[in-house]
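K.L.:
coords below, sequence missing:
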């Protein structure tokens, strides 16, 4: 029997007034109770209890040690209760990673709604275009946009899809004309949105005859943020790809024009990834449940708004 369990037995013997009574309370034999106390006394090399056949009494050293036992066991019980409560009551700090533009447009508003529902949870949100190592980087979860995810030891939940659109400015269209077919993109200046999930730089469309991968024309500018790409397109530097959330304000104001509306860009899936299903902390579980409820309508609203500009 380890020292901590022996401490529990010793404290119970004193509380219940004897070995037999302590054994009944702890579902142990009198011999097991006696051996636990003897183990503790041997470990400490001091007598804690004076025993007779009829009763036990604390020694002076036992009185002092019992006081420390109560404090130690109380702290352990509190720590165990708090750890167990983490599976039930959301609290503490939720550390989330999100890809940058998606995070700014969708995750920040969603986390504000989550915080309103669960005000005891603090939120630590990090934006980055790289895909993090959840364990090494200390994140509870990460939001990744990709056509699909490679196999890994992580758990992933699909929350919906992000629609994309090909855009140009009215100035560019007046000067160079609008492409009529996907192959026409090779003749145009195309701005490159660098992204870890599109390493080859190809633009993939879903058309009437299935998916088509297109190598766009020469790029004069590449950038890794969609909002920055929106500025370049609006200034007339070329044709570029934008997610719906970045494109919609410009499409609605007339500062952007949708190009090749008969073709749809391959949608990106939104995945929430986390480490394990087992013993998941309440704040992570509540957030995942909230995201399954909150995110699909938001993404569907983007698709509906984009359809109005075909």
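P.N.:
Looks like it arrived, so ask away. Because the structure is a prediction, the values reported are computed rather than measured. Residues are numbered from 1 along each chain as shown.
K.L.:
sketch out the strands for the stretch 1-150 of the chain, chain order is fine.
P.N.:
49-51, 56-58, 92-98, 121-127, 141-146 (DSSP state E, counting those that start in this stretch).
K.L.:
output the ones you listed as CSV; include the columns mean pLDDT.
P.N.:
Supplementary listing: the strands of the stretch 1-150 of the chain in CSV, determined by pLDDT from 0 to 100:
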stretch, mean pLDDT
strand 49-51, 85
strand 56-58, 86
strand 92-98, 91
strand 121-127, 92
strand 141-146, 90
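K.L.:
TSV for those strands, including mean neighbour count and distance to residue 159?
P.N.:
C-beta: built from backbone N, CA, C; applies to glycine. Shown next, in TSV, are those (neighbours: other C-beta atoms under 10 Å; distance: least, C-beta to C-beta, whole Å):
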stretch	mean neighbour count	distance to residue 159
strand 49-51	15	61
strand 56-58	16	61
strand 92-98	20	12
strand 121-127	15	16
strand 141-146	21	8
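K.L.:
tell me the contacts of the nearest residue to residue 138 once chain neighbours are set aside?
P.N.:
Of all residues not flanking residue 138 in the chain, residue 95 sits nearest, at 6.2 Å (C-beta to C-beta, 6 or more residues apart in numbering). Residue 95 makes contact with 124, 126, 138, 139, 140, 141, according to C-beta atoms under 8 Å, 6 or more residues apart in numbering.
K.L.:
what of residue 93?
P.N.:
121, 122, 123, 124.
K.L.:
tell me what it is bridged to.
P.N.:
In this entry, residue 93 is beta-bridged to residue 122, by DSSP bridges.
K.L.:
so where's this protein shaky on pLDDT?
P.N.:
Along the chain, segments meeting pLDDT under 70 span 1, 53, 80-90, 195-201, 207-208, 277-279, 310.
K.L.:
domains of it?
P.N.:
With domains defined by automatic domain parsing, the chain comprises 3-85, 92-161+268-301, 164-265.
K.L.:
could I get those as JSON lines with distance to residue 309?
P.N.:
Output for these, formatted as JSON lines (distance: least, C-beta to C-beta, whole Å):
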{"stretch": "domain 3-85", "distance to residue 309": "49"}
{"stretch": "domain 92-161+268-301", "distance to residue 309": "14"}
{"stretch": "domain 164-265", "distance to residue 309": "5"}
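K.L.:
helices of the stretch 51-200 of the chain, start to end?
P.N.:
Ranges of helices in the stretch 51-200 of the chain, per DSSP state H, counting those that start in this stretch, are 60-85, 100-102, 108-117, 134-137, 170-176.
K.L.:
please look at residue 69 and residue 9 and confirm they touch.
P.N.:
No: with contacts defined as C-beta atoms under 8 Å, residue 69 does not count as touching residue 9, sitting 10.2 Å away.
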